[in-house]
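Peer 1: Take a look and give me a structure for this.
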Amino acid sequence: MSENPEIILGSQSPRRRELMAGLDIPFRAVSIDADETYPSDLKAGDIPNYISRAKARAYESRLAEHQLLITADTIVWCDGEMLGKPHDEKEAYAMLRKLSNKTHQVYTAVTIAERGKEPETFVDCTDVTFGDMSDKEITAYIHRYHPLDKAGAYGIQEWIGYIACTQMRGSYFNVMGLPVHLVYQALKRRGF
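Peer 2: Okay, here's the model as predicted:
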């Protein structure tokens with residue numbers, strides 16, 4: 001029996017898996033099928049908080065002793081509206097057009113759950129400013145990178161981030177989908 005619990009990352013996101021691997025802490029990734037609908041009165045960081053906890057609840061019955069589950073959810077918040085993953089290229093275009101020449105917030109919530117204990121959830125927020133993006137640039141990005149699996153229809157680490165992001169306040173990795181500095185601190189408090 002190991003001293004530390006086995007860490008399970010409940011995420012299908014290759015970016016979250018890459019970020020978690022960067023901590024040099026052993027973990028295993030699993031897919032979680034969870035209902036990601038949320039109450040319509042939730043705003044901003046309360047949305048990913050709710051969804052991250054729902055993901056943890058969807059897996060908790062499979063959680064064994066000496067296992068620690070990490071789930072996360074990321075949204076983009078712009079002008080009082082939540083931008084999740086676009087359903088198609090038309091919606092991706094509309095999202096990127098909305099983000100052009102504006103500052104928006106990226107919220108990522110992380111839930112850490114252990115069997116028989118109350119889960120811990122924390123939310124990080126990063127302000128991201130995009131300069132003006134032309135129709136041609138937005139269309140080219142969508143066709144080349146197919147960002148339908150990303151909140152707000154963009155990956156900050158991709159071409160659109162290179163050409164459009166003019167300012168950022170907060171964690172870059174939070175925008176990628178996992179505030180690894182906060183995950184590390186939470187694991188450190190648990191003795192990792």
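
Peer 1: longest helix in the chain, by residue count?
Peer 2: Assignment by DSSP state H gives helix 46-59 as the longest helix of the chain.

Peer 1: packing partners for the following helix or strand past that helix?
Peer 2: Counting by DSSP states H and E, the element after helix 46-59 in chain order, helix or strand, is strand 67-78. Packed against strand 67-78 by the contact rule (3 or more CB pairs under 8 Å, 6 or more residues apart in numbering; DSSP states H and E) you find strand 6-10, helix 46-59, strand 81-83, helix 89-99, strand 103-114. Placement of C-beta: from N, CA and C, glycine included.

Peer 1: now these as CSV including mean pLDDT and mean neighbour count?
Peer 2: Shown next, in CSV, are those (pLDDT from 0 to 100; neighbours: other CB atoms under 10 Å):
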stretch, mean pLDDT, mean neighbour count
strand 6-10, 97, 21
helix 46-59, 98, 21
strand 81-83, 97, 17
helix 89-99, 98, 18
strand 103-114, 98, 22
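
Peer 1: Of those, which is nearest Q67?
Peer 2: strand 6-10 (5.0 Å; CB to CB).

Peer 1: Using PDB, write out the CA atom coordinates for that closest one.
Peer 2: Provided in PDB are the C-alpha atoms of strand 6-10 (Å, rounded to 0.1, in the frame of the first residue of the first chain):
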ATOM      1  CA  GLU A   6      -3.600   7.200  -6.200                       C
ATOM      2  CA  ILE A   7      -4.500  10.400  -8.100                       C
ATOM      3  CA  ILE A   8      -7.200  10.100 -10.700                       C
ATOM      4  CA  LEU A   9      -7.800  13.000 -13.100                       C
ATOM      5  CA  GLY A  10     -11.300  12.800 -14.300                       C
END
